[in-house]
Each structure stands twice: as C-alpha cells, then as structure tokens.
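[1] Sequence isn't available, so here's the structure alone:
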C-alpha cells in the first residue's frame, strides 16, 4: 500500500494549485515605488510548500458543502498567517535560517527590514481577507473567523508558542511543557484550519468539537514527525535546514522519547485523529487521508 | 492665548487614562512561562505617549453618541497597531532607535526576538478586540472596523509607508512622493481613527467624508510638525532620538520646504482640517482643538 493514497496526492495538489491562484489574486501587485514589499510578500507566500493548512480548510469546508470560493479565501488567509510566521521565525534574531523550501529565506533574498514588513503585511492581509463580504455573506460568520484566527495566531496561540520555543533554547523543558509549546506554536493554527471549515459551514457543536479533537491530535502528530525529520532528515530531502534542534541543544519529542517511541506516538495520534472523524460517516475522507499522510511524509 | 486649551488638555488626559485602563484590561497577563512576551507587549503599549489616535476615536465617536465602552475598545485596538508599528520600526534592521518616549525601546529593554513577537502579538490582538461582540453588537459594524483597520495598517497604508520610508534613505524623493509616503505611513491610521468613530456610530456618508477630509489634513500637519521637531527639537523635549532624518540624509517636508514654509503649511492644513468639521455645527469641538494642538505641540 502506498504511503499516500493517489486520491489524496491528487486532491492536495489540486488544492495547493487553487490556493496559490487565490493568493496570486489576493496579494498586492503594482509598480508603486514600494513594490519591493509586494515582491517580498509574494516571495514568502508563493514559493510552494505543502499547503497543508489550506488543504485542511478546504477539506473541512467540503464536509459542510461550503462554496469553493469562500473556502479558498479562508484557506488563503490561514496560509498568509503561516507564511508570515515562517518569514519572521527565520529572521537572524529568531531561528537565523538561510534556507526555506529549498531557496533562500525572505530576509536573505531581500533584507531584514523588508522581511519584517512583509511578515507584518501578510499578517494584516489575512484579516482583511476574512472580513471581506466575499468570504461569507453573513458578517457574523466573518467575525467568528476573524476572532478564531486572531486567537489561534496570537499570544495564546502561535506567537506565544514561538516565544516558548525561544525560551526552550535556554531552559530544559519536560514532555508536558513541550506538548504545550507545540500545541500553541503549530497546533492552534492547524485547529483553526479545520475550525474555519466548520464556521463557514455553520456546523453543529458536535461536528465542530469532532474537528477540533481531530486537529489537536493531527497537530501533535505533525509536530513529532517534524522533530523526527529535523533529527534524521537531510537538507536535500526536506528542503530546509536540518539538525537545528540538536545544534541548539533543544529538548524535542525526539530527544525526550527517542526516535522509535516518538514515531509510535505519532502513529497512535494519527489513528486517534481518524477515530474522531467517525461522526462524519465517511464524508471526511480527505481528512482521514491527511492524518495518515502527515506521519508518513518525508518532508 | 495658551497653545492648548485647558479643556482639550483635560479631555486628552482623561481619554489617555481611560485608554491605558482599557489596554491594561485587554493585554495578556499571566505567570505562564512565556510571560516575557506579555511583559514586552505591555512595555511597548503602556509606556505613555500622547494617545492621539485613541483620542481621535473617542472624539469622533462622541459626535455620534457611541457608548464609551465600545469607543474605548476601538481606541485600544488602534493604539495596539500604533504601538506595534513603533516596536518594529525601532528595530536595528529598521530605524535602529535606542530611545522611545524617554525610555529604552522594546528590543533594548528585552531583546530583538521578543520585540518582533510582541509587535506581531499586538497587531493580532487589535483585530481580536475589534471582532469581539463587546466592541459593537452589530457584526456588520465589527467587520467594517476590521476591514478599515486592515486597509489602513497594511500594504496600502502604514506598512507600505514604512517601506517607502526605508526606500527614502537611499532615494531622493520629491514633495509629491513625500506627501504620499506620509499619507501612507501615518495618515491612513489617523484617518482610520476618526473613521472608527463614524463606523461605530453608523454615520452618514456626508459625515464620514467630512471626518476623512479632516483626518487627511490633520495627518499631514501632524507629520510636518514631527519633521520640524526632529530637525529642531532636543532629546529632552521630545523624549525620543532627534536629528535622525538629517543624519540619514533623508528628504522631509522640512528639508524641501524649509522650516518656515513647513510651519506655515502645517498651520494652513490645520485651519483647513477645522473647516471640514463645519458640518457638525459645533459638536466636534475636541477635534477642532486637536487640529490646533498638533501644530502647537512641543513633542
């Protein structure tokens, strides 16, 4: 059995292309003198990537019959947030990374000031996209999206997690603290991605909760595999700098659990994630496939 | 005649205190390990300042009878954006400033990584505050606030203006380009501040347009005086580094027009701003006073 079902591979590829097209339309473009900023935003947001979060938005939205155009806008917004966070995290004052997705990081390609501003602009654009009537006709739905994305990406979400990650470089964390760090740093935005589908589709509380539980397990599984790839992968395979956690002497799931138990734990979380989808009675096939994919991926 | 009417001074002081209280409630606080991030956000947002933008929100909202609690939340949101922009603009890769409002800048007090994240978090928090039902019961109003703030602070507003400002360090700009730069960098957020009052109060198009025209002139006048203070003020008077434009060889309103004509131009803009308020038939006294204040201020 192949590790990624051909259906999933095709669906992810289609979705990634549609999201890239949506971003292409939504990102600013002009010959204004500040064009360098627009170019840096495009550079940071359009240079490939798995587009996992947008795919989760699209797949969750599909369960509830949300129109593609609405789901695509929410998917583009979450990708703006993800890409801004990568641009800022790569900065010299943070992870000081030179390579991302196989090409120079944004501050290497442009300069630090432009990279900081491009990140700020992508972050701001995400909320502009969500609040636009084209994302959903009901302003209540749009406000819920804005609120949920702000919470997932703010101090009690992604930014708080990144702060913890910086603290982890000088403080030895235990498994509980690492789990919390990762839930904030990557888990909350992954959870928002499925939640966005539920909000757009005005899903029941039962369905929303099922998606949240799924995303929670998926996010952790995803992160454990990320740690494994950092510990065991090569720059050629992953397209990004590897071995950074070990260099920084940072505690991760892998350093604490060991590679074998970490991999087992990721598989367990993946299976558990799939079980949460049983309420959808087969209508969440892509989400099931994604849960298998994240633990089998090689980059 | 005193340069600032006693009424205005008292009103601005009351408003600044109310906004500081609102920010105090809205900013995160806890003993989580990532507390340093919360502290840095508070440091960047609560260390005084004129609170001009919040005062504009409050004053414009008062014209339309908006409840104080709603106006205060919008005022706090715009101040979060203003303060995030100061934190990021002060970074070594940008203006590399050591002093702000008489105390060390956020990256000097903490470190660069924490300052970048504190800025990101304040930016995100602004949208969370606006989308919350406590800001206005009508979700349509909240969405309009989110949209307007995102536009004012994004690539076609403040962030675009900051990019132009960086470009201005190496490119000689003419008066038209500088006017556009300043409209983006400071004008749009000042315009949002009065617009927020109009949105919250569901103002007529005529009233909204009058406020926009007022804010446009006010913003330019404000910036010209900022340039004058940078050229002629002292660090003791202004509480921030001065002479930076001249050091950087940057074209400003003052270098192009000369100090006298720049001051004349600011006064003219201030008078023009006040004329736009005639539609309010005396109900915009604070806004009139502010237009006089910004050209007479010493810091």
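    Yep, that arrived. Just so you know, these numbers come straight off a predicted model, no measurement behind them.
[2] can we go C-alpha only for contacts and neighbour counts from here?
    Noted.
[3] wait, what's in contact with the residue most central in space within chain A?
    Centroid-nearest residue in chain A: residue A:53, 4.5 Å away (criterion: CA atoms, centre = their mean). Contact analysis of residue A:53 by CA atoms under 8 Å, 6 or more residues apart in numbering or on different chains lists A:75, A:78-79, A:189-190, A:193.
[4] helix or strand for it, which one?
    helix A:52-63 (DSSP states H and E).
[5] follow-up on the earlier one: now the residue nearest to the centre of chain A: how far from residue A:71?
    Separation of residue A:53 from residue A:71 (CA to CA, to the nearest Å): 12 Å.
[6] so what secondary structure elements neighbour the helix or strand hosting residue A:125?
    Assigned by DSSP H and E, residue A:125 belongs to helix A:112-131. Applying 3 or more CA pairs under 8 Å, 6 or more residues apart in numbering or on different chains; DSSP states H and E, we find helix A:112-131 packed against helix A:35-46, helix A:68-89, helix A:106-109, helix A:139-153, helix B:112-131, helix B:139-153, helix B:158-168.
[7] what's the most buried one of those?
    Each of these was scored by mean neighbour count; the highest is helix B:112-131, a mean of 27, by mean count of other CA atoms under 10 Å in any protein chain shown.
[8] between it and helix A:68-89, how many degrees?
    On the basis of axes from the mean of the first three to the mean of the last three CA atoms, to 10 degrees, helix B:112-131 is oriented at 150 degrees to helix A:68-89.
[9] ok, back up a step: which one, of the helices and strands packed on helix A:112-131, ends up nearest to residue A:169?
    Between residue A:169 and the helices and strands packed on helix A:112-131, the shortest separation by CA to CA is 12.6 Å, and it involves helix B:112-131.
[10] Pull the distance from the closest one to the chain's centre.
    Relative to its chain's centre, helix B:112-131 lies at 16 Å (CA atoms, centre = their mean, to the nearest Å).
[11] pLDDT on the helix holding residue A:53, on average?
    Helix A:52-63 comes out with an average pLDDT of 97.
[12] before we move on, what about stretch A:76-90?
    On average, the pLDDT along stretch A:76-90 is 97.
[13] One more: stretch A:16-33?
    The average pLDDT within stretch A:16-33 is 92.
[14] can you give me how far that stretch is from the chain middle?
    For stretch A:16-33, the distance to the chain centre is 19 Å (CA atoms, centre = their mean).
[15] So is that stretch next to chain B?
    Yes. Applying CA under 8 Å from any CA of the partner chain, one finds stretch A:16-33 touching chain B at A:28, A:33.
[16] Output the below-cut-off pLDDT ranges for chain A.
    A:1-4, A:238-242, A:246 (pLDDT under 70).
[17] okay, now residue A:206: neighbour count?
    10 (other CA atoms under 10 Å in any protein chain shown).
[18] Also residue A:187?
    Residues lying near residue A:187 (other CA under 10 Å) number 27.
[19] Wait, it touches residue A:224, no?
    No. Residue A:187 is beyond contact range of residue A:224, at 11.5 Å (criterion: CA atoms under 8 Å).
[20] Centroid-wise, who is the farthest residue in chain A?
    residue A:33 (31.8 Å).
[21] Many thanks, have a good one.
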